[in-house]
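J.: Quick one: sequence and predicted model below, then my questions.
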Amino acid sequence: MGVRTKTVKGSAVKIIEKYYSRLTLDFDTNKRVCDEVAIIPSKRMRNKIAGYITHLMKRIANGPVRGISLKLQEEERERRLDYVPDVSAINTESIEIDNDTKDLLAHLDLKLAGVHVPQPKAREQYHHRN
C-alpha cells in the first residue's frame with residue numbers, strides 16, 4: 001500500500017498505452033515486460049511500476065479508465081457515437097398536444113400533420129375508507 005508517485009503513475013500509463021497487447025493481469029509477467037521495454041533504475045521502482053500496471057489492467061478489464069488512451073477503447077467509443085438506430089425513438093406520426101399548444105399553432109397559422117388533442121379522461125372516483 002502507500003502513495004504512488006507521479007513517476008510510477010506516468011511510466012505505467014505510457015507502458016500500457018504502448019505495450020497493451022503484451023501486458024496481462026499477472027504481476028510477474030508485467031514485471032518481465034517492464035524489464036524488456038523500459039530502462040528502470042532500480043528493482044524497487046520496477047516492481048512498483050509493474051504493480052500499478054497490474055492494478056490498471058484490472059480496472060481496464062472492467063471498462064474504460066480515465067487518462068489511458070487505448071486504440072481498442074477509442075474504436076469502441078467511435079462505434080457507440082456513430083450508431084444510428086433502425087427505428088427512431090421519436091414517433092412523429094401522431095403528436096398529442098394540449099389546448100394551449102393548439103391555440104398557439106392556430107395563432108401562428110401552422111398546419112402540422114398528425115397533431116391532435118386527446119380527449120380528457122374522466123377522473124376516476126376513489127372510494128374513501130371509513
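T.: Looks like it came in fine. For clarity, every value in this text was computed on a predicted model and none was experimentally measured.
J.: Grab the nearest non-local neighbour of Y52.
T.: A12 (4.3 Å; C-beta to C-beta, 6 or more residues apart in numbering). Every C-beta, even on glycine, is put in place using the N, C-alpha and C of the backbone.
J.: what residues does the host helix or strand of the one you found touch?
T.: A12 is part of helix 6-19 when elements are defined by DSSP states H and E. With C-beta atoms under 8 Å, 6 or more residues apart in numbering as the test, helix 6-19 has contacts from 23, 33-34, 37-38, 40, 45, 48-49, 52-53, 56-57, 60, 67-70.
J.: quick check: mean pLDDT across that helix?
T.: The predicted model gives helix 6-19 an average pLDDT of 91.
J.: Show me which residues of the next helix or strand after that helix are buried.
T.: Later in the chain than helix 6-19, the nearest helix or strand by DSSP H and E is helix 27-37. Neighbour counts over helix 27-37 (16 or more other C-beta atoms under 10 Å) mark 30-31, 33-34 as buried.
J.: so what does the helix or strand following helix 27-37 touch, helix or strand wise?
T.: As assigned by DSSP H and E, the chain's next helix or strand after helix 27-37 is helix 43-62. Where contact means 3 or more C-beta pairs under 8 Å, 6 or more residues apart in numbering; DSSP states H and E, helix 43-62 is packed against helix 6-19, helix 27-37.
J.: So, low pLDDT: which residues of the protein?
T.: 1, 72, 89, 92, 122, 130 (pLDDT under 70).
J.: swap the cut-off to 90 and go again
T.: Within the chain, the stretches with pLDDT under 90 are 1-4, 17-21, 60-99, 101-102, 105-106, 109-130.
J.: Quick check: R80 vs L110, distance?
T.: Using C-beta to C-beta, to the nearest Å, R80 is found at 36 Å from L110.
J.: shouldn't I40 be in contact with K48?
T.: No: I40 is beyond contact range of K48, at 9.3 Å (criterion: C-beta atoms under 8 Å).
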